[in-house]
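J.: Any chance you can model this:
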Amino acid sequence: MSNSNVQKVRTVESEIKEKLVSLNRVAKVTKGGRTFSFAAIVVVGDGNGSVGQGLGKARDVTEAITKAASDAKKNMIKVPVFKGTIPHEQKGKFGAGRVLIRPAAAGTGVIAGGSMRAVLEIAGVHNVLAKSMGSSNPHNVVKATLDALSKLRSPIDISKQRSLTLEKVFNG
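T.: Residues are numbered from 1 along each chain as shown. Predicted structure coming up:
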């Protein structure tokens, strides 16, 4: 690998932002007392349509977060972001977590709670209305949000699939 390729990899890697969604401390009771370990859920993305989620577990907080970030980079998906919002309404589901995301007009902002907000902001969606309807468990909500985002189709894909122009897709 030449030096120019190494430099390109570093710049791409540095553009990826990560956000800690949840940190959970769990205790295992042993003969010698309680042993604590940590489970971290991290969301990573480039703010331009790529987003991923990861879970890391370790005895140390920083190690758990590092593992989660590494896992999240391996599980990234591409999201069609159109004019700062999503192209159409979509529902997502994972376990008991159910979410609904809707496109919003410019200037609305990210109207979403907790875990969903982190995923949508890291993905680069600036205007969206979102509702979490099922479980409030951060792991299920994050996975349900990613499920909904992965089901989205871009207007360009729809126009190619239906053999229509982009104007006909938007105007009906």
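
J.: And the spatially most central residue of the chain, what's its pLDDT?
T.: Compute the mean C-alpha point of the chain, and by C-alpha atoms, centre = their mean the closest residue is V119, 3.7 Å away. On the pLDDT scale, V119 is placed at 94.

J.: got the contact list for it?
T.: If you count contacts by C-beta atoms under 8 Å, 6 or more residues apart in numbering, V119 has them with V21, V43, V51, Q53, V142, T145, L146, L149. Yep, even glycine has a C-beta here, placed from its N, CA and C like the rest.

J.: The same query, at a cut-off of 10 Å, please.
T.: Taking C-beta atoms under 10 Å, 6 or more residues apart in numbering as the contact definition, V119 lies against 19, 21, 43, 45, 51-53, 79, 99, 101, 110, 112, 125, 130, 141-146, 148-149.

J.: repeat for K83
T.: P103, A105, A106, H126, N127.

J.: could you flag which of the residues you listed are buried?
T.: Buried members of the contacts of K83, counted by 16 or more other C-beta atoms under 10 Å: P103, H126, N127.

J.: and the residue nearest to the centre of the chain, what element?
T.: For V119, the enclosing helix or strand under DSSP states H and E is helix 114-123.

J.: leaving aside the residues next to it on the chain, what's closest to the residue nearest to the centre of the chain?
T.: Closest residue to V119 in three dimensions, ignoring its sequence neighbours and counting by C-beta to C-beta, 6 or more residues apart in numbering: T145, at 4.5 Å.

J.: Would you check that that neighbour makes contact with G52?
T.: No: with contact defined as C-beta atoms under 10 Å, T145 does not reach G52; the gap is 12.0 Å.
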